[in-house]
Structures are given as structure tokens and as C-alpha cells.
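Enquirer: Test case, fold it:
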Amino acid sequence: MPDWVKLHTDLLDNPDVSEISAEDYRTFTFLIMLARREECSEGVLEGWTATRLAYRFRQTEEQIIVSRAALERIGWITWTPDSVTI
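Expert: Numbers count the residues shown, from 1 in each chain. Here you go, the predicted structure:
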């Protein structure tokens, strides 16, 4: 299976994109790539805490938490203490 993902060009016109920061969008993109790499089922990344994601994405835990709130607000992710659903 190839190690790449595709983003749909409709994201350019999605009004939700204008509601989040570039860092939030970066976090979302990294979540998509991580989900692909982990070959997660149904878009659920199990066992990924904010601390673990911060280390993996080379971001601060605070930035992960800020991005989490923004991405949940627009309905792009669902977060539990130890998993993320994209």
C-alpha cells in the first residue's frame, strides 16, 4: 500500500478552513498522515494522547490542545483522552 494521502481540492473553498489557524490546519494534516501510516480502522487513532502527538508532530502540548479545540469546534475531529477520530 502506498505511503501517501490525497487532500481534496474542495478544502480550498471550505469555510471551516478560514476559522482555524495555519497551525491548526497543520495539526489536522499531520493527523491525516499519521492515520494513514498507522493504518487505523475507521479513522480512529488509538493510544494517541496530546503529549504523544506533541512529540510526534514536533509541536508543544499546548499547541496540540489549542488545535484540538479548534478542530473539534468545526467538527473535523472527535477527541477522547487516548484516541482521536478523524
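
Enquirer: rest of the way, CA atoms for contacts and neighbours
Expert: OK.

Enquirer: Give me the spatial nearest neighbour of Glu38, chain neighbours excluded.
Expert: In space, and not counting its chain neighbours, Glu38 is closest to Leu45: 7.7 Å by CA to CA, 6 or more residues apart in numbering.

Enquirer: Could I get the contacting residues of that neighbour?
Expert: Applying CA atoms under 8 Å, 6 or more residues apart in numbering to Leu45 gives the contacts Ala35, Glu38, Ser83, Val84, Thr85.

Enquirer: try it again with 10 Å
Expert: Contacts for Leu45 were tallied using CA atoms under 10 Å, 6 or more residues apart in numbering; they are 31-32, 34-36, 38-39, 79, 82-86.

Enquirer: Mind putting these into CSV with distance to Ile20 and neighbour count?
Expert: Formatted as CSV, the contacts of Leu45 follow (distance: CA to CA, whole Å; neighbours: other CA atoms under 10 Å):
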residue, distance to Ile20, neighbour count
Leu31, 15, 20
Ile32, 16, 18
Leu34, 20, 16
Ala35, 21, 21
Arg36, 23, 17
Glu38, 25, 13
Glu39, 26, 13
Trp79, 17, 18
Asp82, 23, 12
Ser83, 21, 15
Val84, 18, 20
Thr85, 18, 17
Ile86, 16, 18
